[in-house]
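> Here is my input; please provide its structure:
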Amino acid sequence: ALLDKALALTRREPDLVAVRRLEALLAWQADQGHRSAASDLGASSLLEPAMRELSECMQGLSPTSLEGSSASNAPARGSGALLSAPEILWRAIVNGDVYAVESIIRQGGLVSGRTQDPSGHSVLWNAVAFQRTEVALLLLRYFPADALHGVSLGELHQRNGNSLLHLISSFQPFPPQAEGLFAVLFERMPEAMRLHRNLRGQSFVHVAAGRLNFPVMRFAASSGLMSLFSVADGSGWTPRTLLEQHLSGLKINVPNSTSRGRSMPEWCTFSALQPPGMGKSPPFADAVLQVFDKEKGQVWLHTHRVILAASSPVWHGMLRKNAQEGFRTGAEQKEPQVLAVDPSTCDVAEVANFALRYLYTGDYETCSFRDDASKLLQLFRLCKRCSLPPPLTDWASHALLSRLEEGSQSGLVPLLLLEAKSLELSRDARRLLSRQLLCNDAAWQAAADAKTQTLKGSLDGGNKLGADAAAGTAASKARRESAALEAALVELESCFSR
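Predicted structure coming up:
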């Protein structure tokens, strides 16, 4: 009876503010479902018809018919127009007039974040759809989602099933303010809505990949949604294959090697003094490279100080420091100087021995592990961190990237992407690795398999301490994979920068 009386009063004496407040109250009761007071009173079935009647009642009114309302007496900015009709609100939102929208809110012309236009779209939806980020942020501030009359972050398009995240992911261009709006929507949105797929089976990451919206894709990666990049839509497209389609028109290949065969002149006979084998000493040897081999334990590679000092400024500095220390103490140098190789740089004696013999011969054709990407990575690390001769460094880099390009050993791609900066990889090399991570199934699957194994370890922990440690390792692994994907997206974004 009260509802009928309110509707009759609205038809007789229309008041914009009162109608909006009544709409908000009815919408709130409808959202409450069986827990609402209307349900207790047996009036649930009357809510939607009442809301439709209110909407029809207000849409048929002219601006002059609302002059008696409280909102009609408030002037809009810069003109004598009266805030007397819903059309003024929608026009302000579509035009991005933040001042006008805020004035309407303060004057009571908009009392709910769920107010809808004749098409059923909310004020927030309209702000996002027309890329009015400032208006959208204003609405979120006045009508937070957890408030009584707050915006609905679960709103979907009736025809295509798009969410607010789908909408904003299609923005072109995507300014910093849009990034801020996306972050606010994402963080306040229920997890189910973050993963929501539209009627074509596409998540917001599909939209971002199709539009080359790299800020949104980086946000998804950093938020632990790496799995969404491999989810196929109704037509079989994944975000990764969409990116691959964009990248197909770009030339991203293994950088050319500048190394050209032997670098030692024919008259040079240093090769006669190269180490004859691991643990064996050549004539006049006065230094040792100490390698902590992960399988053989401690291995000594006998060599000559002059070769080490001439080939590596890092080893030259270590030898000089040792010599100065001996000079200060007056100790006579009888034993060979020992230079330890950091296990994080190289823990395979075979790799260090090859690098050492190269310093005597300039020959890399005798490399016994040229098909082993993990050993080539250790060689490249050793070259970079010890500043070994550029021809060897260049050859190691080219051989490593060539093996990874083949795909059979692509599990190293995420790791190498994370080390790209410290290893000073070229821009072309970084782009190649980035493309490999996103477009090569073996590289992507290797990362996923490693994550699964780490998570399984956390579940199989024998005690709580072991399980917690394994879980920490799993979290660290997941963060590392996300960081690798973020790094890849940063590199690929530069391919499309204008």
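> Quick check: residue 485 is in a strand.
No. Residue 485 is assigned helix when assessed by DSSP: H, G, I helix; E, B strand; the rest coil, not a strand.
> Any idea how many residues pack against the residue nearest to residue 310 when sequence neighbours are not counted?
Excluding its sequence neighbours, the residue lying closest to residue 310 (CB to CB, 6 or more residues apart in numbering) is residue 316, at 7.6 Å. The way it works is simple: take the backbone N, C-alpha and C, and place the C-beta from them, glycine included. Using other CB atoms under 10 Å, residue 316 has 16 neighbouring residues.
> and residue 316, helix, strand or coil?
Per three-state DSSP, the secondary structure class of residue 316 is helix.
> Just to check, it is in contact with residue 307?
No. With contacts defined as CB atoms under 8 Å, residue 316 does not count as touching residue 307, sitting 10.7 Å away.
> show me the residues around the residue nearest to residue 310 that make contact.
When contacts are counted by CB atoms under 8 Å, 6 or more residues apart in numbering, residue 316 touches 308-310.
> Give the buried subset of the residues you listed as a PyMOL selection command.
The buried residues among these can be selected in PyMOL (16 or more other CB atoms under 10 Å) with this line:
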select buried, resi 308+309
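> What pLDDT does the model give residue 35?
pLDDT for residue 35: 71.
> measure residue 281 to residue 105 for me?
85 Å (CB to CB, to the nearest Å).
> swap that for residue 287, sorry
Counting by CB to CB, the gap from residue 287 to residue 105 is 78 Å.
> what's the answer for residue 210, then?
Distance of residue 210 to residue 105, computed by CB to CB: 35 Å.
> just residue 246 next, same as before
Residue 246 sits 41 Å away from residue 105, going by CB to CB.
> Same check on residue 276?
Taking CB to CB as the measure, residue 276 and residue 105 are separated by 85 Å.
> of those two, who's got more company?
Shown here are residue 276 and residue 105; by other CB under 10 Å, residue 105 has more neighbours (19 against 12).
> Doesn't that one lie inside a strand?
No. Counting by three-state DSSP, residue 105 is not part of a strand but helix.
> Residue ranges in the stretch 201-350 of the chain under the pLDDT threshold?
257-272, 326-334 (pLDDT under 70).
> Could I get the full set of helices for it?
Under the criterion DSSP state H, counting those that start in this stretch, helices of the stretch 201-350 of the chain are mapped to 204-210, 214-222, 239-247, 305-311, 313-329, 349-361.
> what's the closest of these to residue 50?
helix 204-210 (34.6 Å; CB to CB).
> Figure out how far the closest one is from the centre of its chain.
Here helix 204-210 shows a centroid-to-chain-centroid distance of 13 Å under the convention CA atoms, centre = their mean, to the nearest Å.
> sorry, back to before: the contacts of residue 316 into TSV, with extra columns for distance to residue 364?
Output for the contacts of residue 316, formatted as TSV (distance: CB to CB, whole Å):
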residue	distance to residue 364
308	18
309	21
310	18
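> And the contacts of residue 316, which is closest to residue 35?
residue 308 (78.0 Å).
> which residues does that closest one contact?
Neighbouring residues of residue 308 by CB under 8 Å, 6+ apart: 287, 289, 315-316, 319, 339, 359.
> residues in contact with stretch 406-426?
Counting by CB under 8 Å, 6+ apart, 255, 372-374, 377, 380-381, 384, 397, 400, 403-404, 429-430, 433-434, 436-437, 440, 442-443, 446-447, 449-450, 480-481, 483-485, 487-488 sit against stretch 406-426.
> Go again with 7 Å.
Residues from elsewhere that reach stretch 406-426 (CB atoms under 7 Å, 6 or more residues apart in numbering): 255, 373-374, 377, 380-381, 384, 403-404, 430, 433-434, 436-437, 440, 442-443, 446-447, 450, 480-481, 483-484, 487-488.
> nearest to residue 231, of the contacts of residue 308?
Once CB to CB is applied, the member of those that ends up nearest residue 231 is residue 289, at 49.1 Å.
> which one is that closest one nearest to, not counting chain neighbours?
Excluding the flanking residues, the one nearest residue 289 by CB to CB, 6+ apart is residue 301, at 4.2 Å.
> Can you name the residues that contact the one you found?
Residue 301 makes contact with 275, 278, 288-289, 291, 352-353, 356, according to CB under 7 Å, 6+ apart.
> ok, and the most crowded of these?
Busiest of the contacts of residue 301 [other CB under 10 Å] is residue 291, holding 28 neighbours.
> hang on, isn't it packed against residue 353?
No. With contact defined as CB atoms under 7 Å, residue 291 does not reach residue 353; the gap is 8.1 Å.
> now residue 225, nearest residue through space, not along the chain?
Once flanking residues are discounted, residue 225 sits nearest to residue 205: 6.9 Å by CB to CB, 6+ apart.
> before we move on, what about residue 131?
residue 171 (5.7 Å).
> Kindly provide the distance from that neighbour to residue 237.
To residue 237, residue 171 is 20 Å away according to CB to CB.
> Stretch 149-165: how far from the chain's middle?
24 Å.
> What's the mean pLDDT across that stretch?
Rounded mean pLDDT across stretch 149-165 is 94.
> can you give me the helices in the stretch 1-150 of the chain?
Under DSSP H, counting those that start in this stretch, the stretch 1-150 of the chain gives helices at 2-12, 16-32, 37-40, 47-59, 86-95, 98-106, 123-129, 133-142.
> Adding distance to residue 221 as columns, could you present these in a markdown table?
Listed next are these as a markdown table, based on distance: least, CB to CB, whole Å:
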| stretch | distance to residue 221 |
| --- | --- |
| helix 2-12 | 50 |
| helix 16-32 | 33 |
| helix 37-40 | 43 |
| helix 47-59 | 41 |
| helix 86-95 | 32 |
| helix 98-106 | 32 |
| helix 123-129 | 22 |
| helix 133-142 | 22 |
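> Give me whichever of those is most buried.
helix 123-129 (a mean of 24; mean count of other CB atoms under 10 Å).
> That one - contacts with which helices or strands?
helix 86-95, helix 133-142, helix 164-169 (3 or more CB pairs under 7 Å, 6 or more residues apart in numbering; DSSP states H and E).
> For residue 105, which non-adjacent residue is spatially closest?
Closest residue in space to residue 105, ignoring its immediate chain neighbours: residue 142 at 5.4 Å, by CB to CB, 6+ apart.
> Residue 205 versus that neighbour, what's the distance?
Distance from residue 142 to residue 205, by CB to CB: 30 Å.
> Then residue 22?
From residue 22 to residue 205 the distance is 40 Å (CB to CB).
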